[in-house]
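> here is a sequence with its predicted model. Questions after.
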Amino acid sequence: MGSWQAYLASWMVWWRFKGSLQTVDALRQRIENDRQTKSTRPPAHIEAQFIVEERHLGGCVLYDVAPKSEMPNQARILYLHGGCFLFEVDAVHWQMVALLAERLQAVVTMAIFPLAPERTLMEIFDAVRPVYEDFALPSQEKTPFFVVGDSTGGSLGLSLTQEALKAGRPTASRLAFMSPCVEFTFLNPEMREAAQTDPWLDIPGFEAAVRYLCPDVSPDDPRVSPLKFVAKVVEQEREIEYVEGEVRWLELGKG
């Protein structure tokens, strides 16, 4: 049984985010608000606590976050943030970057990439692909390359890794994805059932997001829905999230 703190956090997330994914109008309003109010720069406390460098590659702005330590860097981590491919990086993403940099003594790079509805998903891939490929090249520092992401950032990392494997190109040595979005057709009825109790996500908002993202490609394209690639990676998921039913659906041979 979860703690009261976990239940409180769940209700706070529900109150803040759930409504914006229940109707198309609410989603549009949240996108407009996101563009007007969000900054993509690291928070001031991150810049004070870590060495932060800004650079540009592909279609992305990159922020390299490294600990102020004499210890050699142990890894290079590319962080791909979630947000339905619609919303900018959030404070919680920067908290994760700081945690990874500090605990792993790693250089963690936050990729700020284009978003829908201004760009399609294929255009987002084109913007991020050069970053992934550059990180995957053999490093003179001989440090391993990891990809970490949450939600749609996880699905982006899965798709780029899948694409690189098929093309015979170098890939990340490790993948770590938190609740990746792996299926965008929404054909599995269990997803709609689970969405009723998911504290954050809902089907109408994601269906609208898919219309923004995929005007030129089918939602069942493996670059969009990398579900069948999930079997090749280790992922952690919870039954409250509707991804759980989708993974089980695949395991049973129904998808």
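The structure has been received and is ready for your questions. Residues are numbered from 1 along each chain as shown.
> burial count for residue 166?
By the criterion of other CB atoms under 10 Å, residue 166 has 10 neighbours. (Glycine included, C-beta is placed from N, CA and C.)
> tell me what the helix or strand hosting it is packed against?
Taking DSSP states H and E as the criterion, residue 166 maps to helix 152-167. With contacts defined as 3 or more CB pairs under 8 Å, 6 or more residues apart in numbering; DSSP states H and E, the packing partners of helix 152-167 are strand 76-80, helix 121-136, strand 145-150, strand 174-178.
> of these, which stretch is the most buried?
strand 76-80 (a mean of 25; mean count of other CB atoms under 10 Å).
> what's the first helix or strand after that one?
helix 91-104.
> send me that next one as PDB with only the CA atoms.
C-alpha atoms of helix 91-104 as PDB (Å, rounded to 0.1, in the frame of the first residue of the first chain):
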ATOM      1  CA  ALA A  91      11.400  21.700 -13.200                       C
ATOM      2  CA  VAL A  92      11.100  18.000 -12.300                       C
ATOM      3  CA  HIS A  93      13.200  17.200 -15.400                       C
ATOM      4  CA  TRP A  94      16.000  19.400 -14.200                       C
ATOM      5  CA  GLN A  95      15.800  17.800 -10.800                       C
ATOM      6  CA  MET A  96      16.400  14.400 -12.400                       C
ATOM      7  CA  VAL A  97      19.300  15.800 -14.400                       C
ATOM      8  CA  ALA A  98      20.900  17.200 -11.300                       C
ATOM      9  CA  LEU A  99      20.400  13.900  -9.400                       C
ATOM     10  CA  LEU A 100      22.000  11.900 -12.200                       C
ATOM     11  CA  ALA A 101      24.900  14.300 -12.500                       C
ATOM     12  CA  GLU A 102      25.600  14.300  -8.800                       C
ATOM     13  CA  ARG A 103      25.100  10.600  -8.000                       C
ATOM     14  CA  LEU A 104      26.700   9.100 -11.100                       C
END
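> now the helix or strand following it: buried residues?
Sequence-wise, the next helix or strand downstream of helix 91-104 (DSSP H and E) is strand 107-112. Buried residues in strand 107-112, counted by 16 or more other CB atoms under 10 Å: 107, 108, 109, 110, 111, 112.
> before we move on, the earlier item: can I get the helices and strands packed on helix 152-167 in TSV with mean pLDDT and distance to residue 22?
Output for the helices and strands packed on helix 152-167, formatted as TSV (pLDDT from 0 to 100; distance: least, CB to CB, whole Å):
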stretch	mean pLDDT	distance to residue 22
strand 76-80	97	26
helix 121-136	97	22
strand 145-150	95	21
strand 174-178	90	23
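> out of these, flag the one nearest residue 159.
Residue 159 lies closest to helix 121-136 among the helices and strands packed on helix 152-167, at 7.0 Å (CB to CB).
> so which elements touch that closest one?
So helix 121-136, by 3+ CB pairs under 8 Å, 6+ apart, packs with strand 50-57, strand 60-67, strand 76-80, strand 107-112, strand 145-150, helix 152-167.
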